[in-house]
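1. sequence and computational prediction follow.
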Amino acid sequence: MKVKVLCRNPDDYVRETKKDLPKVPRNYDPSLHPFEVPREYTRALNATKLERTFAKPFIAALEGHRDGVNCMAKHPKSLSTVLSGACDGEVKIWNLTTRKCTRTVQAHEGFVRGMCVRFCGTSFLTVGDDKTVKQWKMESPGYGEKEEPINTVLGKTVFTGVDHHWRDAVFATCGQQVDIWDEQRTCPMRSYTWGVDSISSVRFNPIETHILGSCAADRSIVLYDLRKPTPLKKMILEMRTNALCWNPMEAFIFTAANENYKLYTYDMRNMDAPVIVHMDHVSAVLDVDYSPTGKEFVTASFDKSIRIFPFSSGHSREVYHTARMQHVTCVCWSSDNKYILCGSDEMNIRIWKANASEKLSLLSPREKAAKNYNQKLKEKFQHHPQVRRIARHRHLPKSIYNQISEQRIMREARRKKDANRRKHSKAGAVPIVPEKKQHVVAVLE
């Protein structure tokens, strides 16, 4: 004889919070919820409005420099440490937790042109207008000790940039040429030249660490391999490139900040045309830095604003500015992917949130669930006209707004002129050149 026993789990019908209240059962059959999409659309609209309402990205300003901030460097091991160099030769080390300067070094006479932290974080390098490369301890000197560099190298010309290898005791400087130095030697191990113009910036690849790139005043971008005695490739653009940054997740991808208000993302294996052209700035782009995830990058511009671009998009998702902020000369993204720091002409370093409406305090489980649910709703309805309009709207300074309108008129006039020339010319006499190929003059190997 078979006996069937009914077994009921109390968790299926009793609430966790109050045991005396029964659970409300819910049937997820779509036919029983005919108004689910309209309800979710309303929630997505409200979530988008609240996101813009609570978008307050500015956190704090680090004040203390007596001249414009010219360069910045982040610590590879410490999230709370950042270094800044000013136009008066002064270097400051900041503690972001307390938002105070922990150490000040009079490093150079004249501008601090570049700085970087050693891969292990024990020391940092600076270059300046006084034709010297100096290596300093990260720790403050003891009581009674003088503030002196560990090593000083005197060069023949002015150094305009410096970057350290990600794994070895090797660093690169740029000026009239790109020099590769060993920390234990006072003369360069190798020097690279291609042309006669000065080089403004040099960056090591964080993944393929023997690869580095540089930007020169002759409008060129040059790539080098430490294993080879000569440069790899040279690409010449229509206008000068001010800085470049490698994607930390994709070894072959780098983004270049150009004088023509645009940024170009290139694949170093095929440099005939950029992968993506990023446009939104209305003045020269001076610096660029990738997020640790490699999905976004932040740019600093002469138009007194910074913008955040998705790696795969031609337009920015965010623009940050303040009434007092002047020309932004340098920018960096923190290693925890939460903050952005920028230095500008009016002697301030500003700290911003990477996500303007993000809550920085600890979230309860209920808040996390609500945040994730709202995020999915916004992604689901992101292409709806009303949701897209609210999500994209940004208040801009009057000067930037007017320049955007003026540039739109100029682009439209140029497009009409090309169309008229094409219409009244022989077939093929005025070819259609895509935006990606308009600014590359030549690629040399």
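-> Nice, thanks for sending it over. Residues are numbered from 1 along each chain as shown.
2. drop to CA atoms for contacts and neighbour counts, all remaining ones
-> OK.
3. output the below-cut-off pLDDT ranges for the chain.
-> For the chain, residues meeting the criterion pLDDT under 70 lie at 13-20, 23.
4. all helices for it, in order.
-> 36-53, 365-380, 385-392, 398-423 (DSSP state H).
5. Gly343: which of those helices is closest?
-> Judged by CA to CA, the one of those that comes nearest to Gly343 is helix 398-423, at 19.3 Å.
6. what are the buried residues along the closest one?
-> 400, 422 (16 or more other CA atoms under 10 Å).
7. just give me how far that helix sits from the chain centre.
-> 28 Å (CA atoms, centre = their mean, to the nearest Å).
8. packing partners of it?
-> On a contact count with 3 or more CA pairs under 8 Å, 6 or more residues apart in numbering; DSSP states H and E, helix 398-423 meets no helix or strand.
9. roughly how far apart are Cys174 and Ser405?
-> Using CA to CA, to the nearest Å, Cys174 is found at 38 Å from Ser405.
10. likewise for Ile308?
-> Separation of Ile308 from Ser405 (CA to CA) stands at 21 Å.
11. which parts of the stretch 201-350 of the chain are strands?
-> 211-216, 220-225, 233-237, 241-246, 253-258, 262-267, 276-279, 285-290, 296-301, 306-310, 318-320, 328-333, 339-344, 348-353 (DSSP state E, counting those that start in this stretch).
12. closest to Asn70 out of those?
-> strand 328-333 (6.0 Å).
13. need the strands of the stretch 201-350 of the chain in a markdown table (columns: distance to Val441).
-> Below are these laid out as a markdown table (distance: least, CA to CA, whole Å):
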| stretch | distance to Val441 |
| --- | --- |
| strand 211-216 | 15 |
| strand 220-225 | 10 |
| strand 233-237 | 5 |
| strand 241-246 | 13 |
| strand 253-258 | 14 |
| strand 262-267 | 14 |
| strand 276-279 | 16 |
| strand 285-290 | 20 |
| strand 296-301 | 24 |
| strand 306-310 | 25 |
| strand 318-320 | 31 |
| strand 328-333 | 27 |
| strand 339-344 | 32 |
| strand 348-353 | 37 |
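14. out of these, which is closest to Ala419?
-> Proximity to Ala419 (CA to CA) singles out strand 276-279 among the strands of the stretch 201-350 of the chain, at 22.3 Å.
15. hmm, who's touching that closest one?
-> 261-266, 309, 312-316, 435-436 (CA atoms under 8 Å, 6 or more residues apart in numbering).
16. what lines up beside it in the sheet?
-> Here strand 276-279 has these sheet partners by DSSP bridges: strand 262-267 (antiparallel).
17. chain center to the partner strand, what's the gap?
-> For strand 262-267, the distance to the chain centre is 13 Å (CA atoms, centre = their mean).
18. next one: stretch 40-55
-> Relative to its chain's centre, stretch 40-55 lies at 27 Å (CA atoms, centre = their mean).
19. same thing with stretch 39-54?
-> 28 Å.
20. return the set of buried residues in it.
-> Of the residues in stretch 39-54, those buried (16+ other CA under 10 Å) are 40-41, 43-45, 47-48, 51-52.
21. ok, now stretch 134-153?
-> Neighbour counts using 16+ other CA under 10 Å place 134-138, 149, 152 of stretch 134-153 among the buried residues.
22. before we move on, what about stretch 196-215?
-> Buried, per 16+ other CA under 10 Å, within stretch 196-215: 198-206, 210-215.
23. of the residues you listed, which pair is most distant in space?
-> Between all members of the buried residues of stretch 196-215, the farthest pair (by CA to CA) comes out as Ser198 and Pro206, at 24.3 Å.
24. before we move on, back to that, between the contacts of strand 276-279, which is nearest Lys92?
-> For those, the nearest to Lys92 is Phe309 (28.8 Å; CA to CA).
25. identify the residues contacting that closest one.
-> If you count contacts by CA under 8 Å, 6+ apart, then Phe309 has 278, 296-299, 315-318 around it.
26. mind checking how far the residue lying closest to it once chain neighbours are set aside is from His383?
-> Nearest residue to Phe309, sequence neighbours excluded (CA to CA, 6 or more residues apart in numbering): Ser316, at 4.3 Å. Ser316 sits 16 Å away from His383, going by CA to CA.
27. and the two? Which one has more around it.
-> Taking neighbours as other CA atoms under 10 Å, Ser316 and His383 compare with Ser316 leading, 21 against 11.
28. next, the more buried one: phi, psi?
-> Taking degrees, to the nearest 10, you get phi -80, psi 150 for the backbone angles of Ser316.
29. so it touches Ile306, yeah?
-> No: with contact defined as CA atoms under 8 Å, Ser316 does not count as touching Ile306 (9.9 Å).
30. if we can go back for a sec, could I get the buried residues of stretch 39-54 as CSV with distance to Asn247?
-> What follows is the buried residues of stretch 39-54, written out as CSV (distance: CA to CA, whole Å):
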residue, distance to Asn247
Glu40, 37
Tyr41, 36
Arg43, 36
Ala44, 33
Leu45, 34
Ala47, 32
Thr48, 30
Glu51, 29
Arg52, 29
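31. looking at these, which is nearest Met325?
-> Using CA to CA, those come closest to Met325 at Arg52, 21.9 Å.
32. ok, now which ones touch the closest one?
-> Counting by CA under 8 Å, 6+ apart, Arg52 makes contact with 357, 390-391.
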